[in-house]
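Q: The following comprises the amino acid sequence and a computationally predicted model.
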Amino acid sequence: MKTMPALEVHDLIKSYVSPDGETVPVIDVPRLTLDDAEQVVLHGGSGSGKTTLLNLIAGILPADSGSVKLAGTEVSGLSESGRDRLRAERLGYVFQTFNLLQGYTALENVLLAMAFAGKVDDGAARALLKRMGLESRRDYRPSQLSVGQQQRVAVARALANKPSVVLADEPTGNLDPRSAVDALALIRETCQEAGAALLLVSHDQQVLAQFDRSEELSELNRAVAVADASAGGAA
Amino acid sequence: MSFLGPAGLSLIVRRSLRRHALSTTVTVLSVALAAGLTMAVFALQSQTHKAFTGGPVGFDAVLGARGSKLQLVLNSVFHLETSPGNLPWAFYDAMKKDRRRVALALPMAVGDNYQGYRIVGTTDEIFTKFEYQAGKTFEIEEGGRYFDSEKNEAVIGSVVAERTGLKLGDIFQPYHGLVYDESMIHQDDYVVVGIKKPTNSPSDRVIWIPIEGVYRMSGHVLRGSGEAYEPQDGEAIPMEHREVSAVMLKFRSPQAGFSLDQTVNKQGTAATLAWPIGNVMAELFEKLGWMSKVLAIVAYLVVFVTAGSILASIYNTMNERRREFAILRALGARRRVVFSAIVLEAAAIGFLGCLLGFLAYLAISVVTASIIRTQTGVVLDPFSYHPVLLWGPLGIVALAALAGVIPALKGYATDVASNLQPHS
């Protein structure tokens, strides 16, 4: 028997209404599945709808139609606060800009993520930061940390509640090439250790090359393909 | 970990307060002032009212010249104000002989001071028979004694001793009038023979001498008979020339007061009976009632303005905090967590303000109490309980929380997806 997939996306559709009243589709993903602890890289640049797709998976944005299942739980069927709770418990999100809470120490950033899932574990938070090589930096605030260290705090925070899936949006985009290699390795290792599937978005060929499975977002997302085609047709 | 509070709320609140430390401090201080002021306005009014109307004055009534009861009470009981005029000795005599109704009658003659402290002439019954509280008579400090009615001797109140430096055995000369004027010195020498132990009442600010001494003070003229008479050394003062500023009365029963009120105030025309003393003072406070209403309105206004400043100070931070709220939401915080955090932050500012407000209240109270004490001898208890000390802070915290609702609604409505990116 195959284990339950960490993430299943079916016929996911999201449109925006443009200022002149036209409905513009941004996401139309017929199918995307991540197995338990699987690591997948999505290749997509800006305008490919990558952030919207990740926000739909995370339940930050509600979908127009279709289904997102996180570790077997249907996200689209939940109320907003249900999605918030599920996001806290089952999902880790590493943003391109890290989005660390500025007034809080590294440790507090991790603890607060735990608090929203209702299971604060000081020891686990410290252990996570130690694993990230931040043992001596846990009482520093983001402004006192290097970019690479901030990124590691963001990863620790994403893993705080032992999520089923970690979403990473260009996590190495703000790092220099050498740090980027180390950072990527750390993300992949720690997700592996935590048993979390990883869905990482990048347009960096060096990053893409590291993954066994790589998906082209422009192929996955028919909305972009349609938009590209119509743009091409007009030219 | 409990320090995070439920859903991390306490951490979010504390970090936000710290992050906006300057505006937090300023707002907390303004809440403290508002809380202190409100508590002081209500508590001090009630303490003052209690001290002036229900204080242990030891007398039931005052008999004095025809005129204002209030002036009579202020002059004879609180040793403030001028005397409304004098009464012939016969009135005192009549009271003293009215054993059916009057338990104690003490004559009182005023008109001199020492460095602004009143000299009151009376009989030694003020020490032997007068009870300022049930069962308690004035006591004299170790080494002292009552004055001898035949001699130029004085017993001074504790505040007088403290402020003028007069000690046992010291000799002083009284000044004419109730207001201290250096040029008005009498040539009579008085010896301090006793210092009255403090009773926390206006009597602590008084110098007691034999009433005969007031009559015989150089330059004093008596008009008890309607004609001027100057007492001569070695010659007894005829009764008809003697006069008193007031007769202090203790009744055998409340009925006595009622019937004397009839005789003196309703049927008589020469004298005024101020009875009951507490009611006379209560009337003063009633007359000043509009002032306490104004003060109360001012206090309420200050509280509302402060609530507005809490609202404004938090609301002003909402734009810069949109991204923080979006991040919290992205981490899984529900909308109500963001909402509660902002309301709690406002309430916390109210709470911290009220804590400091108690200090402000105590400072205002202690200063006010000490001013009232030095001015009148009446003692307020700034530490005594008043309901405003409970509902004031509770109301302010509730109002602060309410003020937080408007920014909280804004925080509640923060869109996550569009605020996760840094704002350019």
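A: Ah, there it is. Residues are numbered from 1 along each chain as shown, chains lettered A, B, ... in the order given.

Q: low pLDDT regions in the stretch 51-200 of chain B?
A: B:54-56 (pLDDT under 70).

Q: What parts of it come near chain A?
A: Within the stretch 51-200 of chain B, no position is adjacent to chain A by CB under 8 Å from any CB of the partner chain. Just so you know, the C-beta spots here come from the backbone N, C-alpha and C atoms, and that holds for glycine as well.

Q: Now do the strands in the stretch 51-200 of chain B.
A: Residue ranges of the strands in the stretch 51-200 of chain B, as given by DSSP state E, counting those that start in this stretch, are B:61-65, B:87-88, B:102-114, B:117-122, B:131-133, B:136-137, B:153-156, B:171-172, B:175-176, B:190-195.

Q: What of chain A?
A: Along chain A, the segments classed as strands by DSSP state E run A:7-17, A:23-34, A:39-43, A:65-70, A:73-74, A:91-94, A:165-169, A:197-202, A:213-216.

Q: among the ones you listed, which is the most enclosed?
A: strand A:91-94 (a mean of 27; mean count of other CB atoms under 10 Å in any protein chain shown).

Q: That strand pairs with which strands?
A: Strand pairing for strand A:91-94, determined by DSSP bridges: strand A:165-169 (parallel).

Q: Now tabulate the strands of chain A in JSON lines and tack on mean pLDDT.
A: Listed next are those as JSON lines, based on pLDDT from 0 to 100:
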{"stretch": "strand A:7-17", "mean pLDDT": "93"}
{"stretch": "strand A:23-34", "mean pLDDT": "92"}
{"stretch": "strand A:39-43", "mean pLDDT": "95"}
{"stretch": "strand A:65-70", "mean pLDDT": "94"}
{"stretch": "strand A:73-74", "mean pLDDT": "92"}
{"stretch": "strand A:91-94", "mean pLDDT": "95"}
{"stretch": "strand A:165-169", "mean pLDDT": "95"}
{"stretch": "strand A:197-202", "mean pLDDT": "95"}
{"stretch": "strand A:213-216", "mean pLDDT": "92"}
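
Q: for the chain, longest helix please?
A: In the absence of a named chain, chain A is used. For chain A, the helix with the greatest residue count under DSSP state H is helix A:177-194.

Q: sorry, should have said chain B
A: helix B:335-376.

Q: Neighbours of B:Ala360, how many?
A: 22 (other CB atoms under 10 Å in any protein chain shown).

Q: who touches it in this structure?
A: By CB atoms under 8 Å, 6 or more residues apart in numbering or on different chains, the contact set of B:Ala360 is B:32-33, B:35-37, B:40.

Q: Among those residues, which one has the most neighbours?
A: Ranking the contacts of B:Ala360 using other CB under 10 Å puts B:Ala35 first, with 30 neighbours.

Q: check which helix or strand covers that residue.
A: Assigned by DSSP states H and E, B:Ala35 belongs to helix B:21-53.

Q: Give me the angle between that helix and helix B:335-376.
A: 40 degrees (axes from the mean of the first three to the mean of the last three CA atoms, to 10 degrees).

Q: residues in contact with residue 188?
A: With no chain named, the answer covers chain A. Going by CB under 8 Å, 6+ apart, A:Arg188 touches A:39, A:198, A:210.

Q: hmm, I had chain B in mind actually
A: B:152, B:173-174, B:213, B:216-218.

Q: count of residues packed around residue 128?
A: If you meant another chain, say so; for now it's chain A. By other CB under 10 Å, 26 other residues sit near A:Leu128.

Q: could you do chain B instead?
A: Using other CB under 10 Å, B:Thr128 has 10 neighbouring residues.
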